[in-house]
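Visitor: only geometry, no sequence info:
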């Protein structure tokens, strides 16, 4: 099945019912999203969700080499009418859901004229319904250059935005055709968005052809010095149908199709030595999600956020109580990093008392992010690193016949990086745009 659902699903469903499935279904063109039906949110058990998705637009005007969005959805953003979007908000509201609504557009501001016209409709809807939702989305870095979009987003109820920063390396940005990021100071842009009221989540990539061995330290310095609580760092993956895949096929450097596994070997031959890439990647994650560093970024963000942004009003009293006492118990009493947690909480109470609830919520996310990094991600990275070392050993030129063969346990002597031995932290989900 190739293409978007609007022009395919009726025929596909009919053929399924009649038992006459074809081998291939392909949409003739990209559909008008105004034809999209309102999703059946009423079929969801909303109690099982902390966030519900909603789509307003498809497509992105940029031309990043690694990105599959422009291949799937095109470079001319297509948007729904404001009434269509508010009808979908009505449908979510009718379920009784209260909480985070993720507007899943890959670049919410891809069509800037359309988004300017649409935001007042969201604000009016949110005010009329007493702000039941906490909105967040994805956008390009140039959001910071458009005050006429940034301020209305905050007024409409957006509290966070995901931005694909990718790398602070100008050479790597040029290589991957991320032109919108070349002309902006990324840290200044992040800080401006934060001061306006949008907490910035950001995606980063290591493994570009232009990346050198110092790329990990460049990423570390940039991220740790910026108000970015959630830094999603991934190794470059070659996605199907992208310009990057076409180039690497021409160069004979493709290994396999993308599997979605960020913690294995790359699916292409990297310019940077693979052992250096895997070890540097793990070390970067370990540093970023060391509790002290994570909480430092939380506090940096809180110091910049305005204390008077509109708040979600629909959370129940008992939900808030359970969150507070659950957080105190799991983080402050039995947590492995409770000393760092209490030090952070004290600093939030002193430096950002009016944002204490937001600061506490950030701490709650640390329970997942830090433990996931420590217990799942870093151990998972050990296997591909050892596999690379074993491959290198197998392909090494033979030594003199008098040299004794290595014992079967020789892999134990391969240096295991400190981040794996200590089992330190980080979340994942790689940024690929």
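Guide: Structure's in. What do you need? Bear in mind the structure is a predicted one, so any value in this text is a computation, not a measurement.
Visitor: now the residue lying closest to residue 133 once chain neighbours are set aside: how far from residue 74?
Guide: Here the nearest residue to residue 133 in space, its sequence neighbours aside, is residue 101; by C-beta to C-beta, 6 or more residues apart in numbering that works out to 4.3 Å. Every residue, glycine included, has its C-beta placed from N, CA and C. Noted for residue 101: a distance of 25 Å to residue 74, by C-beta to C-beta, to the nearest Å.
Visitor: So between these two, which is more surrounded?
Guide: Neighbours per residue, other C-beta atoms under 10 Å: of residue 101 and residue 74, the larger number sits with residue 101, 23 against 15.
Visitor: Need phi/psi at the more buried one.
Guide: The phi/psi pair for residue 101 (degrees, to the nearest 10) reads phi -120, psi 120.
Visitor: all strands for the stretch 151-300 of the chain, in order.
Guide: Counting by DSSP state E, counting those that start in this stretch, the stretch 151-300 of the chain has strands at residues 158-166, 199-206, 231-235.
Visitor: mind checking which of those strands is nearest residue 118?
Guide: Put simply, out of the strands of the stretch 151-300 of the chain the one that sits nearest residue 118 is strand 158-166, at 12.2 Å, with distance taken as C-beta to C-beta.
Visitor: among the strands of the stretch 151-300 of the chain, which is nearest residue 219?
Guide: strand 199-206 (5.7 Å).
Visitor: my guess is residue 335 is in a strand, correct?
Guide: No - if the criterion is DSSP: H, G, I helix; E, B strand; the rest coil, then residue 335 is coil and not within a strand.
Visitor: helix, strand or coil for the residue nearest to it when sequence neighbours are not counted?
Guide: The shortest distance from residue 335 to any residue other than its chain neighbours is 6.0 Å, reached at residue 341 (C-beta to C-beta, 6+ apart). For residue 341, the secondary-structure state derived from three-state DSSP is helix.
Visitor: What residues does residue 341 make contact with?
Guide: For residue 341, the contact set (C-beta atoms under 8 Å, 6 or more residues apart in numbering) comprises 291, 295, 331, 332, 335, 363, 366.
Visitor: Recalculate using a threshold of 10 Å.
Guide: Residue 341 makes contact with 291, 295, 327, 328, 330, 331, 332, 333, 335, 363, 366, 367 under the criterion C-beta atoms under 10 Å, 6 or more residues apart in numbering.
Visitor: Relative to residue 290, how far out is it?
Guide: Using C-beta to C-beta, which is the criterion applied here, residue 341 is 13 Å from residue 290.
Visitor: now do residue 321
Guide: With distances defined as C-beta to C-beta, the gap from residue 321 to residue 290 amounts to 31 Å.
Visitor: what's the answer for residue 6, then?
Guide: In this structure, residue 6 and residue 290 are 46 Å apart, going by C-beta to C-beta.
Visitor: And the two? Which one has more around it.
Guide: Just comparing residue 6 and residue 290: by other C-beta under 10 Å the higher neighbour count belongs to residue 290, 22 against 16.
Visitor: coming back round to it: mark which of the contacts of residue 341 are part of helices, please.
Guide: When helices are assigned by DSSP state H, the members of these inside them are 291, 295, 327, 363, 366, 367.
Visitor: Make CSV out of those and add neighbour count.
Guide: Listed next are the ones in helices among the contacts of residue 341 as CSV, based on neighbours: other C-beta atoms under 10 Å:
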residue, neighbour count
291, 21
295, 24
327, 19
363, 22
366, 24
367, 17
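Visitor: of all these, which two lie farthest apart?
Guide: 291 and 327 (14.6 Å).
Visitor: Need the strands of the stretch 151-300 of the chain in TSV (columns: mean pLDDT and distance to residue 42).
Guide: Written out in TSV, the entries for the strands of the stretch 151-300 of the chain read as follows (pLDDT from 0 to 100; distance: least, C-beta to C-beta, whole Å):
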stretch	mean pLDDT	distance to residue 42
strand 158-166	97	25
strand 199-206	97	30
strand 231-235	96	32
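Visitor: Make CSV out of those and add mean neighbour count and distance to residue 187.
Guide: Putting the strands of the stretch 151-300 of the chain into CSV (neighbours: other C-beta atoms under 10 Å; distance: least, C-beta to C-beta, whole Å) gives the following:
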stretch, mean neighbour count, distance to residue 187
strand 158-166, 24, 9
strand 199-206, 23, 10
strand 231-235, 23, 13
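Visitor: Looking at the contacts of residue 341, which two lie furthest apart in space?
Guide: Checking the contacts of residue 341 with C-beta to C-beta, the most distant pair is 295 and 333, at 17.2 Å.
Visitor: Contacts only, for residue 85.
Guide: Residue 85 makes contact with 54, 55, 56, 57, 79, 103, 118, 121, 122, 125, according to C-beta under 10 Å, 6+ apart.
Visitor: ok so it is a strand residue?
Guide: No - assessed with three-state DSSP, residue 85 is helix; it does not lie in a strand.
Visitor: Can you say which of the strands of the stretch 151-300 of the chain is nearest to residue 218?
Guide: strand 199-206 (9.5 Å).
Visitor: quick one: the closest one to strand 231-235, angle?
Guide: 20 degrees (axes from the mean of the first three to the mean of the last three C-alpha atoms, to 10 degrees).
Visitor: what lines up beside strand 199-206 in the sheet?
Guide: Each strand pairing with strand 199-206, determined using DSSP bridges, is listed with its direction: strand 158-166 (parallel), strand 231-235 (parallel).
Visitor: CSV please, covering these and showing distance to residue 1.
Guide: Compiled in CSV, those are given as follows (distance: least, C-beta to C-beta, whole Å):
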stretch, distance to residue 1
strand 158-166, 27
strand 231-235, 27
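Visitor: could you measure the closest residue to residue 82 other than its chain neighbours against residue 143, distance?
Guide: If the residues on either side of it in the chain are set aside, residue 82 comes closest to residue 121, at 3.9 Å by C-beta to C-beta, 6+ apart. Distance, residue 121 to residue 143, using C-beta to C-beta: 19 Å.
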